[in-house]
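Novice: structure here, sequence nowhere to be found:
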């Protein structure tokens, strides 16, 4: 059985991405990444996460990995802090959606009650 962590480390070292940037993309801290490099039996879900971040299909090295279609083309979930005005706008947007759904639900209930009469 190949050492999964070593294969992952070689793939990372071949790229121009820094460990810090990789840590941000996979949402692990740097220490966790270095522990993954030492892990002989790294979980497939972790390898898939690195695969997506590095845009590297590890199914060549690990044929047991499932095929997830265009996993490598999907954007990573990148989070950033919102400004206060952005957060307030987003809160208003969700509030409006919630109110709209409540009104639709209320209308549906009224329609059901009216049909039962």
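Specialist: Arrived safely, thanks for sending. Given the structure is predicted, the values throughout are model-derived calculations rather than measurements.

Novice: this structure - how does it break down into domains?
Specialist: 4-73, 80-117 (automatic domain parsing).

Novice: just give me the neighbour total for residue 50.
Specialist: 20 (other CB atoms under 10 Å). Using the backbone N, CA and C atoms, a C-beta is placed for each residue, glycine as well.

Novice: what of residue 61?
Specialist: For residue 61, the neighbour count with other CB under 10 Å is 15.

Novice: give the helix, strand or coil label for it.
Specialist: coil (DSSP: H, G, I helix; E, B strand; the rest coil).

Novice: okay, it and residue 6: tell me how far apart.
Specialist: Residue 61 is 10 Å from residue 6, where distance means CB to CB, to the nearest Å.

Novice: most tightly packed of the domains of the chain?
Specialist: Stretch with highest mean neighbour count among the domains of the chain: domain 4-73 (a mean of 14; mean count of other CB atoms under 10 Å).

Novice: so how far is that one from its chain's centroid?
Specialist: Centroid separation between domain 4-73 and its chain, computed with CA atoms, centre = their mean, to the nearest Å, is 13 Å.

Novice: what's the following helix or strand after the lowest-mean-pLDDT helix or strand in the chain?
Specialist: Lowest by mean pLDDT, DSSP states H and E among the helices and strands of the chain is helix 44-54, with a mean of 88. Using DSSP states H and E, the next helix or strand after helix 44-54 towards the C-terminus is helix 84-116.

Novice: report all helices and strands that that next one contacts.
Specialist: Packing contacts for helix 84-116, counted by 3 or more CB pairs under 8 Å, 6 or more residues apart in numbering; DSSP states H and E, involve no helix or strand.

Novice: skipping its backbone neighbours, what lies nearest residue 12 in space?
Specialist: In space, residue 12 comes closest to residue 22 once its chain neighbours are excluded; the distance is 6.4 Å by CB to CB, 6 or more residues apart in numbering.

Novice: and that neighbour, what does it touch?
Specialist: 12, 33, 50, 53-54 (CB atoms under 8 Å, 6 or more residues apart in numbering).
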